[in-house]
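J.: Need a 3D model of the sequence below.
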Amino acid sequence: MTGFDSTTYLSVTLAGLSVASFMMAGNIVNDIVDSTIDEKAHPYRPIPSGRVSSEFAKRFAASTWLSSLLLMVACSIVLAQRGITWLGVPVIWSIAAFLMLTYDLGFSSKNRGLLGNISISLMVGAVIVFGAASTGSLDSKLVWFVAATALLINLSREIIKDCQDLHADEGRDTLPASIGLERSRMIAYVIALAGLVAAALPYYIDLLPMQWLALQIPAILLIITTNGLLSSGQDQKAQKSLRMALLFGLLGFASSVALS
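T.: Next comes the predicted model:
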């Protein structure tokens, strides 16, 4: 793992801006693809309302994709000039770009239920790994535990969101549509528990001091209590609870590292 100096801060800043541009582009593409559906479901959004034309949105999406690409290349160059392993940066960016493009376009994994859930969750985990790559820290075991925690909790949340939207998801082969709400909720909870294990393991295998496991208690409690919400069919509250669990889990990791 590299030490933090002005060069490292520069590479992290470039990586962060690349991620921000990447996410902006992905959201715009999603809005363009869903514009016809949104004419009925969300008529006040920019494209359906006519405030933004589809052509302008396409040009803006292309510019943000290009910005993300150029910022990623700049980050790689900064790392290479410092003699830090840089290959992980373009590799992770390319994998995330493939997942994002196939989510909305071509293969359209967003309409393939669980596969779309996994794609989105992989991109969430990739943000953590991409940040580590921008500092030459891909060899850190902790990074992969943090990424696994984010991936698993988000995957559970995506499945629960599909449970919540079951009756509105026409044309999507979601897990709840395939196996039913009860089984889907059970699977989602098991995946969330796996995320809890991933969050706790770094403390048990001495990657982080055991006393700072207490910082993960809010996330742990939010995940455990999700079971009651799911059992009573409160999918909206359950997915929001997992969103907060992910936030508190990441804050717990950050605080543990800062205090170690």
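
J.: Which strands or helices does the helix or strand containing residue 89 pack on?
T.: For residue 89, the host element (DSSP states H and E) is helix 88-104. Contact analysis of helix 88-104 by 3 or more CB pairs under 8 Å, 6 or more residues apart in numbering; DSSP states H and E lists helix 6-33, helix 54-81, helix 114-133 as its packing neighbours. For glycine as for every other residue, the C-beta is placed from the backbone atoms N, C-alpha and C.

J.: most packed of those?
T.: helix 114-133 (a mean of 21; mean count of other CB atoms under 10 Å).

J.: Specify which residues of the stretch 151-260 of the chain, grouped into ranges, have pLDDT under the cut-off.
T.: When residues are selected by pLDDT under 70, those of the stretch 151-260 of the chain lie in 168-171.

J.: 90 instead, please
T.: Regions of the stretch 151-260 of the chain meeting the criterion pLDDT under 90 cover residues 164-174, 177, 260.

J.: Would you map the helices across it?
T.: For the stretch 151-260 of the chain, the helices defined by DSSP state H, counting those that start in this stretch occupy 175-179, 181-204, 217-231, 235-259.

J.: centre of the chain versus the shortest one, how much separation?
T.: The chain centroid and the centroid of helix 175-179 are separated by 22 Å under CA atoms, centre = their mean, to the nearest Å.

J.: Now do the same contact list for the closest residue to residue 187 other than its chain neighbours.
T.: Nearest in space to residue 187, with sequence neighbours left out and distances taken as CB to CB, 6 or more residues apart in numbering, is residue 159 at 6.6 Å. Applying CB atoms under 8 Å, 6 or more residues apart in numbering, we find residue 159 in contact with 114, 117, 175-176, 184, 187-188, 191.

J.: tell me the two of these that are most distant?
T.: Among the contacts of residue 159, the pair separated by the greatest distance (CB to CB) is 176 and 191, at 14.1 Å.
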